[in-house]
Each structure stands twice: as C-alpha cells, then as structure tokens.
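Trainee: Coordinates only, no sequence provided:
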C-alpha cells in the first residue's frame, strides 16, 4: 500500500494511492495515520480493503507528512562512506544519530524556510523508516519486523548552525520545515530489498546527489537495532538513515541554498518530493 495524509496543514485526512495513481479517502476506516494506524493489525485491516470501494478524492490536494503524532524524529549521520569523506569526517565505527525536532516535520511539497541568519542551508536525500511496533533492545535480525514502511526524507540542514554555532547537530537540523517527509508511506511488503534502491536530488534542475542504499555503511536493520539499544522506538516514530554524497557543503567551492531555489528529490519505489526555498 501507499498511504498518505492529504488536505490543508493541521486538517489532513488519511488516504491511499490505488494502483492507477488515484487518491482515495480512508476516513471511514481510520481516524488518522498515526502510530496506532501503522500497527500490524491495523495495516492488515487496511490492506484487506478493496481500493475501488473507497471514495475517490478529486483534484490534487496538498499532501502532508504520511504520519502524525510522532514521539521522536531520529536521524542517522554520516552513513554513506563517500558522504563522510566529502565532509572531511572519518568513517564512523558505529552509527551516529541525533534528533530532529518534531516541529521540523512537514509535507513533501511544502516550502522550506531559510532561517533568519542562515548562511549555509543544505540538502540531504534520505530513506526513512516509520516504526510499526515498539522497538527496545531489538536484534539486527528482528529489526525490520518493527518497521511499518518506508518513505523519503529531505534532512534539510543549516551547516553554520550545525557545525559552527557550538553544541549538538540538532541545532542545525530542527528549524520548522527542515523535515519534509513523504509523499507517502510504502508498506514494507512492497519493498523486496531496502538495501538496493536508487536515490537522487536536484537543485534548480541540476543533479547534485546520485546514490543507492546499497552503499550505506550501516544497513537499515543495523540502524533500527542500534538506536533501539539507547531509546525505545514507538509506533509512528521516524528514523531517517543518512545521505549519499553530493551535499552542498561537500562541493568545491561549497554551495548552499537561497530563497527561490527549488529542490527535487526521489527514491526508487518511494516517489518524489519538491520544495521551494522561502524566507522564514
């Protein structure tokens, strides 16, 4: 299934995209797409529905992030060897992770704000997992069983805030709109091999990032298992797993986003996103 939340910000409704690409309303079957909706039993009930029996939604309404009510937004850093190299960092011996503020979460086509005082606004195409069952001290072998599905995240970053303003990375990762997620959650049964998906990102129509999940240093299963050793992942939580090379800070000379720039990005089987940069 491809599950979405559609409508104006703060008033989104649950829906799904059928095989023909038609948006259909799920409001009669689930209140919203939160952690409870992504539990295995709930997904099983939704999967049993005949999409043709669901009301078709006319037009092209805004899509929000495909999950709401999250308890945490976890991000893995430096998880592609070439990206670590381009940023001047050593290959990590174990996963590096940090938290993005929940208030950074936004829809896949929403404008991204350039914060006041921002000088180094950057992009990162990433594959993210949305948790379906509580994960605490889970093994790597069990980890994927705790995932409801996968989606795209642009881990928008302000490098000056992140690196030069002291403290933790969270400072440069958490401004409002720094977490576009979507366009939909693809349930994990539709992704036979999460470690073999191509990914890309363009800025103003020019290719900046080209990669594949095959080159992740730590696999999706390893990332979920590892994080669960330090904090409990709850249904609905987002874990975004790092970016391939091609970020602005790694270019020569470094190149960053400005108001009016347009970022487009996509991952095989998971769809595409588009954001325009606006003043905060």
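Mentor: That came in fine, so what should we check first? Because the structure is a prediction, the values reported are computed rather than measured.

Trainee: quick one, helices of the chain?
Mentor: 40-47, 81-86, 140-143, 159, 220-228 (DSSP state H).

Trainee: any residues touching the first one, and which ones?
Mentor: The set of residues that contact helix 40-47 without belonging to it, under C-beta atoms under 8 Å, 6 or more residues apart in numbering, is 1, 3, 16, 26, 29-30, 36-37, 132-133, 148, 187. The way it works is simple: take the backbone N, C-alpha and C, and place the C-beta from them, glycine included.

Trainee: from those, which ones fall inside strands?
Mentor: When DSSP state E is applied, these are split such that 3, 16, 148, 187 fall in strands.

Trainee: Most neighbours out of the residues you listed, which is it?
Mentor: When neighbours are counted by other C-beta atoms under 10 Å, residue 148 leads the ones in strands among the contacts of helix 40-47 with 27 neighbours.

Trainee: Need the nearest residue in space to it, chain neighbours excluded.
Mentor: residue 132 (3.2 Å; C-beta to C-beta, 6 or more residues apart in numbering).

Trainee: got a list of what residue 246 touches?
Mentor: Residue 246 neighbours (C-beta under 8 Å, 6+ apart): 83, 86, 201, 207-211.

Trainee: I figured residue 178 was touching residue 161, is that so?
Mentor: No: Residue 178 sits out of contact with residue 161 when judged by C-beta atoms under 8 Å, with a separation of 10.1 Å.

Trainee: Find residues that contact each of these two.
Mentor: With C-beta under 8 Å, 6+ apart as the test, residue 178 and residue 161 reach no residue in common.

Trainee: Number of residues surrounding the residue lying closest to residue 172 once chain neighbours are set aside?
Mentor: Excluding the flanking residues, the one nearest residue 172 by C-beta to C-beta, 6+ apart is residue 162, at 2.5 Å. When neighbours are counted by other C-beta under 10 Å, residue 162 registers 21.

Trainee: what's near enough to touch residue 162?
Mentor: So residue 162 contacts 169, 171-173 (C-beta under 8 Å, 6+ apart).

Trainee: next one: residue 187
Mentor: Contacts of residue 187 (C-beta under 8 Å, 6+ apart): 1-3, 43, 47, 148-149.

Trainee: Can you read off the pLDDT for it?
Mentor: Residue 187 is assigned 98 on the pLDDT scale.

Trainee: and what of residue 9?
Mentor: Confidence score, pLDDT, at residue 9: 97.

Trainee: Can you go through the contacts of residue 246 and name the buried ones?
Mentor: 83, 86, 201, 208-209, 211 (16 or more other C-beta atoms under 10 Å).

Trainee: Export these to a markdown table and append columns for pLDDT and distance to residue 273.
Mentor: Formatted as a markdown table, those follow (pLDDT from 0 to 100; distance: C-beta to C-beta, whole Å):
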| residue | pLDDT | distance to residue 273 |
| --- | --- | --- |
| 83 | 82 | 19 |
| 86 | 82 | 22 |
| 201 | 98 | 9 |
| 208 | 98 | 14 |
| 209 | 97 | 13 |
| 211 | 95 | 15 |
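
Trainee: Just the pLDDT for residue 224.
Mentor: Value for residue 224, per-residue pLDDT: 98.

Trainee: Sorry, slip of the keys, the one I care about is residue 113.
Mentor: Residue 113 is given a pLDDT of 98.

Trainee: Quick check: closest non-adjacent residue to it.
Mentor: Residue 113 sits nearest to residue 280 (C-beta to C-beta, 6+ apart), 4.0 Å away.

Trainee: Strands - which of the contacts of residue 246 land there?
Mentor: Going by DSSP E, the strands hold 201, 207-211 from the contacts of residue 246.

Trainee: And those, which is closest to residue 92?
Mentor: residue 211 (17.2 Å; C-beta to C-beta).
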